[in-house]
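# With the sequence up front, the predicted model follows.
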Amino acid sequence: MRFNKLFKIRNLIAVLAIGFMATAVSVSAQDSTAVTSTTETSAASPVAASATDAADMDAFASELVKVSESATSDDASTLAAADEVVDNSTLYKTASYYTILFLLVCIFLAIIGKILRVYELTREIQGKEGALNWNTIQGGIFIAFLILGLYGTYWSYDVWGYVVTNESASVHGDRIDSMMLTTVAITTLVFVITQILLFWFIFKYRGSTARKAYYYPHNNAIERLWTIVPAFVLTILVVFGFFTWRSITNPPEADQKAALSVEVTGEQFKWNVRYAGADNELGVRNYKLTTPTNTLGIDYADKKSWDDRLGPEIVLPVNKPVRVTIHSKDVLHSFYMPEFRVQMNAVPGMPTYFQFTPKLTTEEMREKKGNPAFDYVLLCAKICGSGHYNMQYKVKVVSEQEYNEWIVKQPLFFNDDMKKEMQQKVASSVKEAAVDNKLALNN
């Protein structure tokens, strides 16, 4: 299809003009806002100098006072800060920028199409045939697209490959990464080979008056080849992945009992963490026991719950297995810790489990990443509602000694408020039983 049939240059120029006007309006509005802000800041300088202790000024005015005082004491630093703000604002590209860029590309292609059309008409007027071979041109475009696409693939692996190749922070994560890299290597090899063949065949067997297309309706050998080989490779990957996943999610019962017991409950929009006490056993819970005080519905008639502790953050000992019991109070959530290669759905009414062993402390991972501010984090991998972005919880991996020192300082779930509520329930039950007995005797 010819370019001149794809583009209407007048319409594009009109749209481009509208885009330029929209951009101009946006830039003008930003400039006027910046000028107004600068003017207000400058005007506030003498006011701030005489009334810096005004207690009834709002937050915005207070900020202006601070800026004005800074300007009085050090004009040079204030101007530099103002310049820095202006420079930072230019880093943001609006939708208008990309719209204009897209339209410019369209205009460029339209101009090329018009030039080629003029060239064709000139050749026709001169009585010359075969002005342009569009099959050859489009075949060349396909080859260019192939080269560009392969480079884009290489670029994405080079720039974003670290997302896959980052070292795992858990023991089982190494096996997950190995499977992932194997799958990526196989699919990348197949992708490169098939794309080269596809685009090369398009170019090599492009339309030509010098030869006639060969009708080749079917080939059983090829059908068997590209059905059996992929099925065989995929079967190996699936079976290997299945047994790997089973070994990760179903450890021996002895290992389950030896692991540190932690419970995580998701709700809109936060996580609740409960640590087992010295007995390493969590008390039972029942949703019917949920109250404003007992938000998790823990059954305090079960003595195992009396030493359970509240976790304001998740702290785990390094090189010690941890078994997480996962619950949800409302909707479907997903317990996801990316650095540990841990993910398991939190299903309402059905506990799920995941056991893993952290192998790198937070400090060790910070050193490996070269980021002293890095922290492990627990996320929700399900879109659980409007506040989904709040489902973040800090995770910290420390030495076993640090963990033991930390856990004894954490508050008990069975606190004074819980004890008071439990006593009230017991008293109420005794009173109701006495009333029932009295009624029975009267009858």
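Done, it's in.
# Mind pulling the model confidence for the most centrally placed residue in the chain?
Taking CA atoms, centre = their mean, the centroid of the chain lies closest to residue 381, which sits 8.1 Å from it. pLDDT, residue 381: 93.
# quick one: it from residue 387, how far?
Residue 381 sits 15 Å away from residue 387, taking CB to CB, to the nearest Å as the criterion. C-beta coordinates here come from the backbone N, C-alpha and C atoms, glycine included.
# tell me which element the closest residue to residue 375 other than its chain neighbours is part of?
The shortest distance from residue 375 to any non-neighbouring residue, by CB to CB, 6 or more residues apart in numbering, is to residue 394 (5.6 Å). Element membership for residue 394 (DSSP states H and E) is strand 392-398.
# Tell me which residues are up against that strand.
Applying CB atoms under 8 Å, 6 or more residues apart in numbering, the external contacts of strand 392-398 come out as 169, 270-271, 273, 313-318, 337, 358, 360-362, 365, 375-379, 406.
# Show me this structure divided up by domain.
Per the record, the chain has its domains at 3-97, 132-249, 258-415, by automatic domain parsing.
# okay, those domains in JSON lines with distance to residue 123 next?
Output for those, formatted as JSON lines (distance: least, CB to CB, whole Å):
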{"stretch": "domain 3-97", "distance to residue 123": "15"}
{"stretch": "domain 132-249", "distance to residue 123": "8"}
{"stretch": "domain 258-415", "distance to residue 123": "59"}
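# Most tightly packed of those?
Stretch with highest mean neighbour count among the domains of the chain: domain 258-415 (a mean of 17; mean count of other CB atoms under 10 Å).
# now do the same end-to-end measure for that domain.
Using CA to CA, to the nearest Å, one end of domain 258-415 lies 27 Å from the other.
# Give me the helices and strands touching the strand or helix carrying residue 154, please.
Here residue 154 sits within helix 134-160, counting by DSSP H and E. Counting contacts by 3 or more CB pairs under 8 Å, 6 or more residues apart in numbering; DSSP states H and E, helix 134-160 is packed against helix 173-204.
# which helices and strands sit right next to the helix it packs on?
Packed next to helix 173-204, using 3+ CB pairs under 8 Å, 6+ apart, are helix 134-160, helix 162-165, helix 220-249.
# what would the ones you listed look like in a markdown table with mean pLDDT and distance to residue 290?
Putting these into a markdown table (pLDDT from 0 to 100; distance: least, CB to CB, whole Å) gives the following:
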| stretch | mean pLDDT | distance to residue 290 |
| --- | --- | --- |
| helix 134-160 | 90 | 44 |
| helix 162-165 | 76 | 40 |
| helix 220-249 | 93 | 29 |
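# thinking again about what came up before, following element in sequence after the strand holding residue 394, please.
Per DSSP H and E, the helix or strand that comes after strand 392-398 is helix 400-407.
# Give me the angle between that following helix and strand 392-398.
Angle, helix 400-407 to strand 392-398, by axes from the mean of the first three to the mean of the last three CA atoms, to 10 degrees: 130 degrees.
# and helix 400-407, what does it pack onto?
Helix 400-407 packs on strand 314-317, going by 3+ CB pairs under 8 Å, 6+ apart.
# contacting residues around the strand it packs on?
260, 262, 264, 273, 322, 358, 378, 393-400, 402-404, 406-407.
# make it 6 Å
Under the contact criterion CB atoms under 6 Å, 6 or more residues apart in numbering, strand 314-317 has outside partners 273, 322, 358, 395, 396, 397, 400, 403, 406.
# got it, and stretch 140-151?
Residues contacting stretch 140-151 (CB under 6 Å, 6+ apart): 199, 202, 203.
# Then stretch 338-358?
168-173, 176, 251, 259, 266, 316, 318, 321, 323-328, 333-336, 376, 381, 397.
# ok, back up a step: so what's the residue nearest to residue 375 bridging to?
Assessed by DSSP bridges, residue 394 has beta-bridge partners residue 377.
# how near is it to residue 310?
Distance of residue 394 to residue 310, given as CB to CB: 15 Å.
# just to revisit the earlier point, how about the helices and strands packed on helix 173-204, which one is nearest residue 113?
Among the helices and strands packed on helix 173-204, helix 134-160 comes nearest to residue 113, with 11.4 Å by CB to CB.
# average pLDDT across stretch 101-109?
Mean predicted lDDT for stretch 101-109 stands at 90.
# which SS class is residue 272?
Using DSSP: H, G, I helix; E, B strand; the rest coil, the structure places residue 272 in strand.
# does it really touch residue 263, like I thought?
No - counting by CB atoms under 6 Å, residue 263 is not a contact partner of residue 272; they are 8.2 Å apart.
# packing partners for the helix or strand harbouring residue 102?
Using DSSP H and E, the element containing residue 102 is helix 95-125. Contact partners of helix 95-125 among helices and strands, from 3 or more CB pairs under 6 Å, 6 or more residues apart in numbering; DSSP states H and E: helix 3-6, helix 9-50.
# Tell me where the stretch 301-443 of the chain has strands.
For the stretch 301-443 of the chain, the strands defined by DSSP state E, counting those that start in this stretch cover 309-310, 314-317, 322-328, 333-337, 342-346, 352-356, 376-380, 392-398.
# Can you list the strands that the second one pairs with?
Put plainly, it is strand 314-317. Sheet pairing for strand 314-317, assigned by DSSP bridges, gives strand 392-398 (parallel).
# what is the orientation angle of the strand it pairs with with strand 322-328?
170 degrees.
# For strand 392-398, output the C-alpha coordinates as PDB.
Output in PDB follows, covering the C-alpha atoms of strand 392-398 (Å, rounded to 0.1, in the frame of the first residue of the first chain):
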ATOM      1  CA  GLN A 392       3.200  -2.900  51.800                       C
ATOM      2  CA  TYR A 393       5.000  -4.300  54.800                       C
ATOM      3  CA  LYS A 394       8.600  -4.000  55.800                       C
ATOM      4  CA  VAL A 395      10.600  -7.300  56.100                       C
ATOM      5  CA  LYS A 396      13.900  -7.500  57.900                       C
ATOM      6  CA  VAL A 397      16.300 -10.400  58.000                       C
ATOM      7  CA  VAL A 398      18.800 -10.400  60.900                       C
END
